[in-house]
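Peer 1: here's a sequence, model it:
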Amino acid sequence: MPSTPHTFIFAGGGTGGHIYPALAIAHHLRAACPEAAVHFLVSQRPLDASILSAARLAGAPVPFTPIPAQPFVLRPVPLLRFVTQWGAAVRAGRAAIRTAPGQVVLIAMGGFVAAPAVQAARVERIPAMLVNLDAVPGKANRWIARHVRTILTAARLATGHQHPAWTSIPPIVRPDIHSTRSREDARRAFDLDPGTPTLLVSGGSQGAASVNAFLMAFAASPDASLRGWQVIHQTGTGGVARVRAAYEAAGVRAWVGEFIATMGDAWRAADFAVVRAGAGNVAEAWATRTPALFLPYPGHRDQHQRHNAMVLVNAGGAVLGEDAVEPNANLVHLAPTMRAMLSNPDRLQDMRKALANLGPADGAEIAARTALHLAAGTS
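Peer 2: The predicted structure follows:
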């Protein structure tokens, strides 16, 4: 443990997939070292401020600073935006470092916000570490890895992307995912029947229109595929009314909302999940032992979400589908898998046992210990 106060600056944002793991690590840092200060550097997207404004660490608000970081995209307009904002983002990171109390350690959570923050750490000569969350590291993470002292990966790296200097740790999940609340009470929290099998649907913190459309089509299919089930469905912005109407028309009891603030309860309530394969969903399915149909986002060239899911698929705890985007095409290709899962509780139980064999999802605690050791080296 550091002998003098430290500030741990977390850099990452743009989606909840970077922020929630950072909050989980921060939770363990503060538990182990209550005198340490924590600060977040995030993007200027409204979602980041929304998540952090609602978050608490040891009962206190989480301090954060939006910086003008932009993704690196090889198209004229976004590339120009990246180039023109890089310097401002680095300066904002340096300002946060300089005004932080005590000695400072930067924890880069990957992605476009973390890259200029790491450059700021280099200029200010403070220690930095990378926490990689995807099985195929993106451009930003590959750049960051060349400029930090310590690299942890909470995803099992895909073939061709392994590196001996990257230390593998279990998945990182937010503290409420480890809730011991009963499945029945978790369902009651969503105003659902405590004894009815429950399906969780989520496209991630920002939703997924094609996932919403598939479930609407599936609910309306003539074979009454959701009979005997109820649903918790996170739609993302603007999808609630149509999705809710589809379940009502099908006679399916459902909680439908743009955003689920209590994902621990949602996973605890679920017998099966249909979700994107972002690092957060994969980690949370692992941690809660929830069988899942993963539908990787089809627009990623590197298909990193597909690789994220494979650790659970190979273990026998999940199945992998392909999002064809168009609802009728998804109904043709995905509905048979859905029916096979929803009608076979014994198979779901076997998948839960397979997920239990993966071990605990305690990567946040390990990452926090690593950050404290890094801090101790600067004392």
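Peer 1: what's next to the worst-scoring helix or strand of the chain on mean pLDDT, contact-wise?
Peer 2: Across the helices and strands of the chain, mean pLDDT, DSSP states H and E gives its lowest value to helix 76-99, namely a mean of 92. Residues external to helix 76-99 that are found in contact with it (CB atoms under 8 Å, 6 or more residues apart in numbering): 9, 11, 39, 41, 65, 67-73, 104, 106, 112-113, 116-117, 119-121, 123-124, 126. In short, each C-beta sits where N, CA and C put it, glycine included.
Peer 1: sort out for me which of the residues you listed are in helices.
Peer 2: 116-117, 119-121, 123-124 (DSSP state H).
Peer 1: ok so, going back, and the angle for the least confident helix or strand of the chain with helix 114-124?
Peer 2: Helix 76-99 runs at 40 degrees relative to helix 114-124, counting by axes from the mean of the first three to the mean of the last three CA atoms, to 10 degrees.
Peer 1: tell me if Leu152 really is in a strand.
Peer 2: Yes - assessed with DSSP: H, G, I helix; E, B strand; the rest coil, Leu152 lies in a strand.
Peer 1: surely it touches Ile169?
Peer 2: Yes - counting by CB atoms under 8 Å, Leu152 does reach Ile169; the two are 5.2 Å apart.
Peer 1: under the pLDDT cut-off, which ranges of the stretch 251-379 of the chain? List them.
Peer 2: Residue ranges of the stretch 251-379 of the chain with pLDDT under 70: 300, 378-379.
Peer 1: how far away is Arg242 from Gly236?
Peer 2: 12 Å (CB to CB, to the nearest Å).
Peer 1: so for those two, which residue has more residues nearby?
Peer 2: Set Arg242 next to Gly236 and count neighbours by other CB atoms under 10 Å: Gly236 wins out with 20 against 13.
Peer 1: that one belongs to a strand?
Peer 2: No - Gly236: not assigned to a strand; according to three-state DSSP it is coil.
Peer 1: distance of it from Gly257?
Peer 2: 10 Å.
Peer 1: what do you get for Asp134?
Peer 2: From Asp134 to Gly257 the distance is 27 Å (CB to CB).
Peer 1: neighbour count winner among these two?
Peer 2: More crowded of Asp134 and Gly257, by other CB under 10 Å: Asp134, with 26 against 17.
Peer 1: does the more buried one touch His304 like I think?
Peer 2: Yes - using CB under 8 Å, Asp134 makes contact with His304 at a distance of 4.6 Å.
Peer 1: which residues do those two both contact?
Peer 2: Joint contacts of Asp134 and His304 (CB under 8 Å, 6+ apart) do not exist.
Peer 1: break the chain into its domains for me.
Peer 2: 6-172+361-376, 178-356 (automatic domain parsing).
Peer 1: ok, Ala58 - contacts?
Peer 2: 30, 34.
Peer 1: please redo it, this time with the cut-off set to 10 Å
Peer 2: 26-27, 30-31, 34, 38 (CB atoms under 10 Å, 6 or more residues apart in numbering).
Peer 1: out of the residues you listed, which is nearest to Pro197?
Peer 2: Set against Pro197, the nearest of the contacts of Ala58 by CB to CB is His27 (31.6 Å).
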